[in-house]
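Student: Structure for this input, please:
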Amino acid sequence: MTTHLLRLSYVTCTLALIGCGRPSEEGGYFGNDETGHADTEADADTSADTDTDTDTDTDTDSGDGDGDEGETEGECATPLPDDPELQLGFVQSQLELVPGESYEYQVGNWGCCVFWEPLETCSVYSVDPADAGATIDPETGVFSLADDVADGATFTVTADVQDGLASVSGTVTAYLPELHPLRGYWREVARIPCDDGPEFVPSDPINELVFTASGDFVVTWTPFEIYTDYWGTYAHDLDTNALSLTPTDGNYLPDDIEGEGSVSFEAEQLVLHDIWLGSSQDPVEPAGCGHRFE
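Tutor: Next up is the predicted model:
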């Protein structure tokens, strides 16, 4: 199983913004480019000091009166870029954390929902509900879950940007790994035929099967940026290992999906029995009766 779970947030982006490309890996984000704004503000401060010097020494020292120094103290040192195309958001709009874990939020800008650029902003962070097992530092955005938070508990994190000029929000769901063994990214390594023959390596493997702890799944044969083939919801019985997959929508939704069956875990592999996730757009082999993922 692939453990690169940060990209679970991109599943959310896919569902909400069909038609954009797929985000790059987390290391591919653009850097913060606030230099121009910082230099402009610095020049303004210099001018303010020069103007103040022409006034009396009393005004300069006390900071009282109508001097620019008092106004600067109440202003944001890193204002939002003057960009009509600005799309503020968190890189993780829907986050899943294990009790006891922490995560640092930061406001950034999405470029066509594909590339996320972190921004230095004057933001105040809050969490709702408060005093329910989750805390967040209002200045740094560091969110923490208590060790005893219940599985499935959900919290809303909000960033108030520049005293109400903009607002960004996201959700955090607590989960216990032992209750959600399917959660993660999986890649098909073998296919199970329907004639009791040996498993074989398919010519068109499903390169990305995603399960979330919140009960969603996504299937994609050839991942590209935020593109996915189809998605839906699932129910997994921990006692019997029965699995039910219910597709809800997609860019490509096969018409031969069989979503009722069972799962088994063999070492680091996930095996779907009597479940067929559908034929690809260019199938070579006939429909199967199961899949093996790792």
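Student: pretty sure residue 147 contacts residue 100?
Tutor: Yes: with contact defined as Cβ atoms under 8 Å, residue 147 counts as touching residue 100 (4.5 Å). All C-beta spots, glycine's among them, are computed from the backbone N, C-alpha and C.
Student: who's more crowded, the two?
Tutor: residue 100 (12 against 9; other Cβ atoms under 10 Å).
Student: domains of the chain?
Tutor: Taking automatic domain parsing as the reference, the chain has its domains at 35-73, 82-179, 184-293.
Student: could you redo the ones you listed as JSON lines and give each row mean pLDDT?
Tutor: Written out in JSON lines, the entries for the domains of the chain read as follows (pLDDT from 0 to 100):
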{"stretch": "domain 35-73", "mean pLDDT": "38"}
{"stretch": "domain 82-179", "mean pLDDT": "96"}
{"stretch": "domain 184-293", "mean pLDDT": "98"}
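Student: Please give the number of neighbouring residues around residue 274.
Tutor: The number of residues near residue 274, taken as other Cβ under 10 Å, comes to 14.
Student: swap in residue 267?
Tutor: 5.
Student: can you tell me how far it sits from residue 152?
Tutor: Here the distance between residue 267 and residue 152 works out to 28 Å (Cβ to Cβ, to the nearest Å).
Student: likewise residue 141?
Tutor: Between residue 141 and residue 152 the distance, using Cβ to Cβ, works out to 24 Å.
Student: Looking at those two now, which is surrounded by more residues?
Tutor: Each of residue 141 and residue 152 has its neighbours counted (other Cβ under 10 Å); residue 141 has more, 19 against 14.
Student: I figured that one hits residue 92, correct?
Tutor: No: because the distance of 11.4 Å does not satisfy Cβ under 8 Å, residue 141 is recorded as not touching residue 92.
Student: Mind listing the shared neighbours of the two?
Tutor: Both residue 141 and residue 92 are in contact with residue 105, where contact means Cβ atoms under 8 Å, 6 or more residues apart in numbering.
Student: residues in contact with residue 243?
Tutor: By Cβ under 8 Å, 6+ apart, the contact list for residue 243 reads 182, 234, 235, 236, 237, 260, 261, 262, 263, 272, 275.
Student: for residue 248, same thing?
Tutor: By Cβ under 8 Å, 6+ apart, the contact list for residue 248 reads 231, 232, 233.
Student: Just the buried residues of those residues.
Tutor: The neighbour count (16 or more other Cβ atoms under 10 Å) marks 231, 232 as buried among these.
Student: Can you tell me which of the contacts of residue 248 comes closest to residue 290?
Tutor: residue 232 (18.4 Å; Cβ to Cβ).
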